[in-house]
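**Q** Fold the stuff below for me.
(one chain, ligands or ions: 1)
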Amino acid sequence: MEKKTAVGIVGGLGHIGLIQAACLAKLGYKSIAYDINSAKIKDIQRGKMPFYEPGLEELVHETMDNGLLVFTTRVTDLQEAEMIFICTGTPALPSGEADTSQVYSAIEEVARHRSNQALVIIKSTVPAGTCRKIAAFLQERDLAARAAVVSCPEFLREGSGVQDFWKPSRIVVGAPSRETAEKVAGLYSPPGIPILLTTWENAELIKHASNAFLASKISFINEIALLCEQVGADIRVVSRGIGLDPRINPHFLEAGIGFSGPCLEKDLKSLLRQFQEAKKEAKLLEAALRVNEEKRREIVHKLQAKLGGLRGRRIAVLGMAFKPQTDDVRDSHSLPIIKQLLSAGASVTVHDPWIKSPRGGRLAENDLPGVEWASSPHAAAQGKDALLILTAWPEYRELDLKQIKDCLAVPLIVDGRNIYESGQLRELGIDYQGVGI
Ligand code: UDX
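**A** Down below sits the predicted model:
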């Protein structure tokens with residue numbers, strides 16, 4: 001394959017960074033993935049991936065084997081790259097504000113180790129105004145000649161990240177000049193994909209507003225689900241009927257226990273902080289967050305009401321990951337829900353197809369004290385007073401529910417993801433409670 005120019009990726013072992021690095025290498029760029037975690041770099045060089053993402057492992061192996069994807073812990077190795085992607089995390093501070101310190105220090109480190117100017121392209125989700133502040137920060141330190149800042153927000157979803165890279169919904173680039181923005185967009189712009197070249201602030205806000213809109217859509221359908229339960233309607237049918245309007249579309253209208261994971265909630269909270277700092281109210285977005293938090297309490301209340309209390313009850317929980325096709329439990333709804341069950345005096349046995357222990361889920365051993373980990377859904381259900389579904393894994397849809405009923409001490413299924421047909425479960429003699437059905 002023809003070797004194109006070199007690109008650098010800072011935070012090259014993270015979700016966004018590794019997908020970016022492997023896909024750019026597949027396109028023929030020499031991808032230099034820089035990360036401070038030398039143990040994980042050794043692991044990946046020995047064939048052990050830092051996380052699961054469909055299609056990524058094959059791509060990493062292929063591009064490492066042909067020499068286009070390289071990993072390094074030396075920032076000086078980025079010197080040969082003219083464009084450097086910043087893919088470090090921006091975790092939420094207790095106030096909800098995004099902690100951008102890793103982005104700042106990554107850019108400063110890159111700039112300090114360069115002899116010529118690089119384009120530093122921020123993929124990390126940062127509050128509107130960050131690129132401008134970083135440009136000033138570089139100026140103050142006499143580093144502006146070595147790093148020019150560009151915003152290029154990432155919209156990929158976990159579980160379909162590689163596919164989203166090849167076929168993005170759009171490419172958004174925010175830069176002070178059109179020429180710079182075009183350079184970045186020119187790295188990979190598949191035909192037919194809309195490209196929006198704009199300012200730093202627009203690009204930064206597009207990312208936050210997109211995630212806030214998706215979160216609001218989920219909270220909207222979850223609010224309607226509340227009324228469905230009261231009037232005898234089925235949210236799945238109502239949602240389908242709403243989504244058939246092309247102005248609304250059918251996506252992100254699945255009712256359940258709400259959104260979780262490392263992005264939607266964090267980015268919504270960060271956007272709320274940006275409103276606060278601007279001394280403006282965000283009533284709609286605040287409500288979207290409140291509805292979501294309430295949804296987690298609601299599912300526990302449902303279980304409590306069905307069982308007449310949770311003290312001493314044995315609950316089987318199916319699903320730790322925040323959604324199917326990922327082994328990511330960061331900010332998964334399962335964590336606060338299980339904690340609520342434990343603090344109400346229940347005992348909990350967990351099953352997840354990909355996360356078999358706290359270690360597997362990158363949890364601290366004492367994150368979920370006393371929780372048992374089962375090797376199969378049937379083992380989890382054995383002798384329990386209820387089965388609680390928290391992640392819509394395809395294998396849970398395929399379960400032999402007659403067998404599950406035989407395992408349970410009390411034939412009760414509370415389904416936070418609406419994966420079963422109520423009629424079928426009723427026929428089997430299972431007490432079934434979904435969300436909005
Ligand atoms: C999200 C955005 O979709 C992506 O564009 C951005 O780059 C990162 O954040 P991700 O966090 O991977 O992606 O997951 P997503 O597929 O958006 O799901 C988030 C949560 O919402 C999950 O817990 C999912 O189960 C839940 N969800 C999603 C619903 O409850 N209902 C829906 O209809 C859709």
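**Q** Going by C-alpha atoms from here, please, whenever you check contacts or count neighbours.
**A** Fine.
**Q** beta partners of the residue lying closest to residue 80 once chain neighbours are set aside?
**A** Closest residue to residue 80 apart from its sequence neighbours, by C-alpha to C-alpha, 6 or more residues apart in numbering: residue 6 at 6.5 Å. Applying DSSP bridges to residue 6 gives these bridge partners: residue 30.
**Q** Relative to residue 123, how far out is residue 6?
**A** Distance from residue 6 to residue 123, counting by C-alpha to C-alpha, to the nearest Å: 17 Å.
**Q** Show the pLDDT at the residue nearest to residue 80.
**A** At residue 6, the model reports a pLDDT of 97.
**Q** Let me know the pLDDT of residue 365.
**A** For residue 365, the pLDDT comes out at 72.
**Q** In contact with it, which residues?
**A** Shown in contact with residue 365 (C-alpha atoms under 8 Å, 6 or more residues apart in numbering): 358-359.
**Q** cutoff 7 Å now
**A** Taking C-alpha atoms under 7 Å, 6 or more residues apart in numbering, we find residue 365 in contact with residue 358.
**Q** separation between it and residue 408?
**A** Using C-alpha to C-alpha, residue 365 is found at 27 Å from residue 408.
**Q** Tell me the residues on the stretch 51-200 of the chain that lie near the ligand, please.
**A** Counting by C-alpha under 6 Å from any ligand atom, the residues of the stretch 51-200 of the chain close to the ligand are 154-158.
**Q** out of the residues you listed, which is most surrounded?
**A** For those, the largest number of neighbours (other C-alpha atoms under 10 Å) sits with residue 158, at 23 neighbours.
**Q** where's that one, which helix or strand?
**A** Residue 158 belongs to no helix or strand when elements are defined using DSSP states H and E.
**Q** For stretch 145-159, give me every contacting residue.
**A** 53-54, 111, 114-125, 131, 135, 164-165, 172-175, 200, 203-204, 207, 325-326.
**Q** now the residues you listed: which count as buried?
**A** The neighbour count (16 or more other C-alpha atoms under 10 Å) marks 53, 111, 114, 117-125, 131, 135, 164-165, 172-175, 200, 203-204, 207, 325-326 as buried among the contacts of stretch 145-159.
**Q** Where strands are concerned, which of those residues count?
**A** The strands, defined by DSSP state E, take in 118-122, 172-174 from those.
**Q** nearest to the ligand, of those residues?
**A** Nearest to the ligand among those, counting by C-alpha to the nearest ligand atom, is residue 172 at 12.5 Å.
**Q** What are the phi and psi values at the residue nearest to the closest one when sequence neighbours are not counted?
**A** Excluding its sequence neighbours, the residue lying closest to residue 172 (C-alpha to C-alpha, 6+ apart) is residue 196, at 4.8 Å. Dihedral angles of residue 196 (phi, psi; degrees, to the nearest 10) stand at phi -120, psi 110.
**Q** show me the contacts for residue 196.
**A** Counting by C-alpha under 7 Å, 6+ apart, residue 196 touches 171-173.
**Q** can you rerun that using 10 Å?
**A** By C-alpha atoms under 10 Å, 6 or more residues apart in numbering, the contact set of residue 196 is 170-174, 181-182, 185, 202-203.
**Q** Which helix runs longest in the chain?
**A** The longest helix of the chain (DSSP state H) is helix 200-231.
**Q** now the angle from that helix to strand 118-122?
**A** Counting by axes from the mean of the first three to the mean of the last three C-alpha atoms, to 10 degrees, helix 200-231 points 20 degrees away from the direction of strand 118-122.
**Q** Are there helices or strands packed against helix 200-231, and which ones?
**A** If you count contacts as 3 or more C-alpha pairs under 10 Å, 6 or more residues apart in numbering; DSSP states H and E, helix 200-231 packs onto helix 130-140, strand 147-151, strand 171-174, strand 195-198, helix 235-243, helix 264-277, helix 283-307.
**Q** chain center to the third one: distance?
**A** Think strand 171-174. Its chain's C-alpha centre and that of strand 171-174 lie 20 Å apart, by C-alpha atoms, centre = their mean, to the nearest Å.
**Q** got the contact list for the next helix-or-strand element following that strand?
**A** Next helix or strand after strand 171-174 toward the C-terminus (DSSP H and E): helix 178-185. Applying C-alpha under 10 Å, 6+ apart, the contact partners of helix 178-185 are 83, 119-121, 148-152, 171-175, 186, 195-199.
**Q** got the angle between helix 178-185 and strand 118-122?
**A** 70 degrees.
**Q** and helix 178-185, average pLDDT?
**A** 97.
**Q** For residue 62, pull up the helix or strand it's in.
**A** helix 56-65.
**Q** Return the alpha-carbon coordinates of that helix using PDB.
**A** Taking C-alpha atoms only, helix 56-65 is exported to PDB below (Å, rounded to 0.1, in the frame of the first residue of the first chain):
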ATOM      1  CA  LEU A  56     -11.000  -3.300  15.900                       C
ATOM      2  CA  GLU A  57      -8.700  -6.200  16.900                       C
ATOM      3  CA  GLU A  58      -8.400  -7.400  13.300                       C
ATOM      4  CA  LEU A  59      -7.700  -3.900  12.100                       C
ATOM      5  CA  VAL A  60      -5.000  -3.300  14.800                       C
ATOM      6  CA  HIS A  61      -3.200  -6.600  14.000                       C
ATOM      7  CA  GLU A  62      -3.300  -6.000  10.300                       C
ATOM      8  CA  THR A  63      -2.000  -2.400  10.500                       C
ATOM      9  CA  MET A  64       0.600  -3.300  13.100                       C
ATOM     10  CA  ASP A  65       1.800  -6.200  10.900                       C
END
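**Q** Can you point out the buried residues in that helix?
**A** Neighbour counts using 16+ other C-alpha under 10 Å place 56-57, 59-64 of helix 56-65 among the buried residues.
**Q** which one of these is nearest the ligand?
**A** residue 56 (14.9 Å).
**Q** picking up where we left off before, show me the two of the ones in strands among the buried ones among the contacts of stretch 145-159 that sit farthest apart.
**A** Spanning the widest gap among these are 118 and 172, at 19.4 Å by C-alpha to C-alpha.
**Q** Domains in the protein, by residue range?
**A** Per the record, the chain has its domains at 6-198, 212-433, by automatic domain parsing.
**Q** Between the two ends of the first one, how far is it?
**A** Between the opening and closing residues of domain 6-198 we find a distance of 25 Å, counting by C-alpha to C-alpha.
**Q** One more: stretch 194-204?
**A** Start-to-end span of stretch 194-204 (C-alpha to C-alpha) is 17 Å.
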